[in-house]
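1. Show me how the following folds:
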Amino acid sequence: MSINAPISLYASVRALECLCAISLLIQTLEFLRMRTATSSEGVWSWQVQRADVAHAPDWLRKAFDVLYRDRIHHLHLLLRAGAAASLFAGSSPFSALLLFASTILILIRWRGAFNGGSDFMTIVALTGLAIANVASLWVGPVLAWKAGLWYITIHAMSSYFISGAIKLFSTAWRDGSALIFFLDGGLYGPLNKQSVFRKPIVAITCSWAFILWECCFPLTIAGPAWAVVGCGIAAVFHFLVFRFFGLNRFFWAWIVNFPAIVYCSAQW
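-> I've put the predicted structure just below:
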């Protein structure tokens, strides 16, 4: 992106690119560490998982068979790691489209999702990145990046709101029992009988705090102060999810979007 763009936009873009680089590198390194399990002799071999694309045209299945061969898939991950690292210096149409296509191939390899919400938010960030870089060839970097950041912001806000709304209509979340259920299945679960989270007042208070925060998250667009507070709470929430459930991807995939939200909140 040109440094002649407004500094607030430039700073937001650079923050987005650097956070995206960290998130993608963590994901890619995890896939590289799983090479034995995903090889043709592993428990998650493509020979088994290819049954999920049995309905696809023959030419497409043959293409997947080539792309997901052990050596080619390994080279793909190395190329992905290099493209992700290049974001520290700035994105380009080539790197943005390469990372987007790479992520789609990985999702197909894992039957549509490897890590749920983190996969969705990674696609959102990479789509915004691709929109900005490709559109800049025609409409200029400033307008293109604004479009990309707004795309990311709208998806992030709607995701928080929908998550909160679903909890709001769930009796288990309103009475706190859902929170206890999830914590029982966490890294340190099941909770002991004396755990503070088993106290109804604590479980209900925490549950409603999550519900109200997520439902009110669209208010972050009201101004930078609102955005910083909302994203700060979100960062704490995602860190707690990592702490209790070990979802490190979840933390990084979501905070990638925060620079876009803060920037867009200042555009009124």
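2. burial count for Phe161?
-> When neighbours are counted by other C-beta atoms under 10 Å, Phe161 registers 16. C-beta here means a position set from N, CA and C on the backbone, and glycine is covered the same way.
3. Now do the contacts for it.
-> Taking C-beta atoms under 8 Å, 6 or more residues apart in numbering, we find Phe161 in contact with Glu214, Cys215, Phe217, Pro218.
4. pLDDT at Ser118, what is it?
-> On pLDDT, Ser118 comes in at 85.
5. in what helix or strand does it lie?
-> helix 117-139 (DSSP states H and E).
6. list the buried ones in the helix or strand following that helix?
-> Counting by DSSP H and E, the next helix or strand C-terminal to helix 117-139 is helix 141-168. Within helix 141-168, the residues that qualify as buried are 141-142, 144-157, 159-161, 163-164, 167, counting by 16 or more other C-beta atoms under 10 Å.
7. and the helix or strand following helix 141-168, how far from the chain's centre?
-> Remark: after helix 141-168, the chain's next helix or strand is helix 171-174, criterion DSSP H and E. On the basis of C-alpha atoms, centre = their mean, to the nearest Å, helix 171-174 sits 26 Å off its chain's mean C-alpha point.
8. which helices and strands does helix 171-174 pack with?
-> helix 141-168, helix 177-184, helix 200-215 (3 or more C-beta pairs under 8 Å, 6 or more residues apart in numbering; DSSP states H and E).
9. For Val134, state which of the contacts of Phe161 is nearest.
-> For the contacts of Phe161, the residue nearest Val134 by C-beta to C-beta is Pro218; the value is 27.7 Å.
10. The closest one: what's it in contact with?
-> So Pro218 contacts Met157, Ser158, Tyr160, Phe161 (C-beta under 8 Å, 6+ apart).
11. give the contact list for the first one.
-> By C-beta under 8 Å, 6+ apart, the residues touching Met157 are Phe217, Pro218, Thr220, Ile221, Ile261.
12. Tell me which of the residues you listed fall in helices.
-> Ile261 (DSSP state H).
13. Greatest separation within the contacts of Met157: which pair is it?
-> Pro218 and Ile261 (10.3 Å).
14. least trustworthy helix or strand in the chain by mean pLDDT?
-> Within the chain, no helix or strand scores below helix 46-49, which has a mean of 85 by mean pLDDT, DSSP states H and E.
15. How about Met34: what's its closest non-neighbour residue?
-> Nearest non-adjacent residue to Met34, counting by C-beta to C-beta, 6 or more residues apart in numbering: Trp44, 7.6 Å away.
16. Check whether the one you found really touches Thr36, as I assumed.
-> No. The criterion here is C-beta atoms under 8 Å, and Trp44 misses it with Thr36 at 9.9 Å.
17. of those two, who's got more company?
-> Of the pair Trp44 and Thr36, Trp44 is the one with more neighbours under other C-beta under 10 Å, namely 13 against 10.
18. What strand or helix carries the more buried one?
-> Judged by DSSP H and E, Trp44 forms part of no helix or strand.
19. So what does it look like in phi/psi?
-> phi -110, psi 50 (degrees, to the nearest 10).
20. quick revisit: pull the residues that contact the least confident helix or strand of the chain.
-> Outside helix 46-49, the residues touching it (C-beta under 8 Å, 6+ apart) are Thr38, Ser40, Phe64, Asp65, Tyr68, Arg69, His73, Arg109, Trp110, Arg111.
21. Need the buried ones from these selected in PyMOL.
-> PyMOL command restricting the contacts of helix 46-49 to the buried ones, with burial defined by 16+ other C-beta under 10 Å:
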select buried, resi 38+64+68+73+109+110
